[in-house]
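Novice: Here is the input, now give the coordinates:
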Amino acid sequence: MNSTSRICLLFWSKISIKSCILIIAVLACISILNDSLLNMRLWNEDGTISSDDDVKPIAEIIQEAPAPQFGPAPPTVPSGPANTVVLTTVNAAFVNIAENWLASIRKTGIWPDISIIAEDNVAYELLKKRNDIRVLLNQYKTSHDLPIQSPLHRKFVNQRPTHIKKFLQRGLNVLFNDVDIVWIDDPFPYFDGNYDIYLEKDHHDKKNVLSTGFVYYRATNPSLLLIKELVNRIDKNNNNTSEQILLTDIINENIIPKLKVKMLDASKFPNGILNYYLDFAEWREMHKPVVVHNNWKGGRDEKIKWFKDARLWYVSNRTDVQIT
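Specialist: Numbering: from 1, shown residues only. Down below sits the predicted model:
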């Protein structure tokens with residue numbers, strides 16, 4: 001080997017040694033960082049929630065989350081806001097009310113990306129005939145009009161946060177609606193400001209109980225933390241407490257880091273307790289409501305009657321389902 005070759009060999013060996021040292025140093029830093037993330041606990045010392053996956057940026061969570069079975073996109077191209085899904089759940093007993101909700105959205109002049117989770121085969125078969133929505137089957141198999149606050153009803157509604165979480169994990173904003181709602185105008189302009197969650201009070205027993213029947217979740221880390229904690233509490237309570245009460249508790253406890261909550265104007269987003277005691281025609285003329293929530297009523301027939309009396313019933317009875 002001549003002198004020139006020996007010099008080149010010595011030069012490259014030194015570079016190789018330096019490169020190895022640099023790579024080892026980088027790997028050591030990554031290992032330390034991973035250990036620090038893995039050692040995080042669900043609860044911080046100050047009582048706030050944290051965990052190794054929750055503190056990651058939403059973009060990383062999106063990449064790692066298992067893709068929910070969204071089903072094929074509907075042929076109708078949505079005209080609502082991007083990266084946003086309007087979500088609801090329904091069983092066969094309420095398919096006609098769901099159709100009325102969809103008809104009210106159509107009347108506003110916008111058509112967002114709408115996903116409906118059918119809780120039984122009958123509802124699925126009826127709704128999948130439409131070409132303007134995405135219909136998913138949950139196989140809960142309860143086709144009846146469930147009494148409010150009954151164990152079956154509570155179990156039914158307590159599944160909703162799990163559905164919402166799947167969409168948030170994919171980086172989609174979620175506007176969850178109960179089907180006993182009518183849109184009179186486009187609600188999206190009212191979700192202004194840099195908030196994580198927008199919702200209405202339920203005025204339940206004069207307590208500050210929040211409504212989970214109309215909630216807009218932005219796809220942010222605080223929203224995802226909130227919905228994960230809600231799912232955890234539902235599991236721990238074995239469906240003995242409604243998600244409405246549990247969500248109210250979580251927000252009132254102020255344990256979600258940097259969570260920003262906006263309460264919607266009750267005159268623009270009235271719920272059933274307001275509609276009970278007021279003539280709706282007069283209320284509508286005075287307040288120009290955007291979304292009307294027909295809760296605080298009994299079952300399906302009572303809700304339909306109120307919609308018709310308020311002139312908010314837009315469909316025929318072609319989708320009525322008689323459950324025996």
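Novice: Listing partners with orientation, what would you give for the helix or strand containing residue 292?
Specialist: Assigned by DSSP states H and E, residue 292 belongs to strand 291-293. Strand 291-293 pairs in its sheet with strand 181-183 (antiparallel), by DSSP bridges.
Novice: Show the subsequent helix or strand relative to the strand it pairs with.
Specialist: Next element after strand 181-183 (DSSP H and E): strand 197-201.
Novice: With only the CA atoms kept, save the helix or strand immediately after that next one in the chain in PDB.
Specialist: Remark: after strand 197-201, the chain's next helix or strand is strand 210-217, criterion DSSP H and E. Extracted C-alpha coordinates of strand 210-217, given in PDB (Å, rounded to 0.1, in the frame of the first residue of the first chain):
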ATOM      1  CA  LEU A 210     -74.300  20.800  30.200                       C
ATOM      2  CA  SER A 211     -76.100  19.300  27.200                       C
ATOM      3  CA  THR A 212     -74.300  16.600  25.200                       C
ATOM      4  CA  GLY A 213     -76.900  16.600  22.500                       C
ATOM      5  CA  PHE A 214     -75.400  19.400  20.500                       C
ATOM      6  CA  VAL A 215     -71.700  19.800  20.900                       C
ATOM      7  CA  TYR A 216     -68.900  21.000  18.500                       C
ATOM      8  CA  TYR A 217     -65.500  19.500  19.200                       C
END
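Novice: so who does residue 300 touch?
Specialist: 93, 94, 96, 97, 145 (Cβ atoms under 8 Å, 6 or more residues apart in numbering). (Each C-beta comes from the backbone N, C-alpha and C, glycine too.)
Novice: For residue 291, name its beta-bridge partners.
Specialist: Beta bridges link residue 291 to residue 183 when assigned by DSSP bridges.
Novice: how would you label residue 162: helix, strand or coil?
Specialist: helix (DSSP: H, G, I helix; E, B strand; the rest coil).
Novice: thinking again about what came up before, now what about the strand holding residue 292, what contacts it?
Specialist: 178, 180-185, 187, 200, 211, 213-214, 268-272, 275, 280, 310, 312.
Novice: Give the buried residues for the helix or strand that comes right after it.
Specialist: Sequence-wise, the next helix or strand downstream of strand 291-293 (DSSP H and E) is helix 300-309. By neighbour count on 16 or more other Cβ atoms under 10 Å, the buried set for helix 300-309 is 300, 303, 304, 306, 307.
Novice: Identify, from the residues you listed, the entry nearest to residue 102.
Specialist: Nearest to residue 102 among the buried residues of helix 300-309: residue 307, at 13.5 Å, using Cβ to Cβ.
Novice: So what's the residue count around the closest residue to that closest one other than its chain neighbours?
Specialist: Closest residue to residue 307 apart from its sequence neighbours, by Cβ to Cβ, 6 or more residues apart in numbering: residue 313 at 4.2 Å. Residue 313: 20 surrounding residues under other Cβ atoms under 10 Å.
Novice: My guess is residue 313 contacts residue 100. True?
Specialist: Yes. Counting by Cβ atoms under 8 Å, residue 100 is a contact partner of residue 313 at 6.0 Å.
Novice: Give the residues shared as contacts by these two.
Specialist: Here residue 313 and residue 100 share the contacting residues residue 307, scored by Cβ under 8 Å, 6+ apart.
Novice: Run through the residues that contact residue 84.
Specialist: Counting by Cβ under 8 Å, 6+ apart, residue 84 has contacts 112, 113, 172, 173, 174, 175, 188.
Novice: Farthest pair within those?
Specialist: 172 and 188 (14.2 Å).
Novice: So for these two, which sits in the more crowded spot?
Specialist: residue 172 (22 against 18).
Novice: What pLDDT is listed against that one?
Specialist: Note on residue 172: pLDDT of 95.
Novice: how close does it get to residue 304?
Specialist: With distances taken as Cβ to Cβ, to the nearest Å, residue 172 is found 31 Å from residue 304.
Novice: try residue 240
Specialist: 30 Å.
Novice: Then residue 228?
Specialist: 36 Å.
Novice: Next: residue 93.
Specialist: 11 Å.
Novice: likewise residue 316?
Specialist: 12 Å.
Novice: now do residue 270
Specialist: 18 Å.
Novice: Good, wrapping up.
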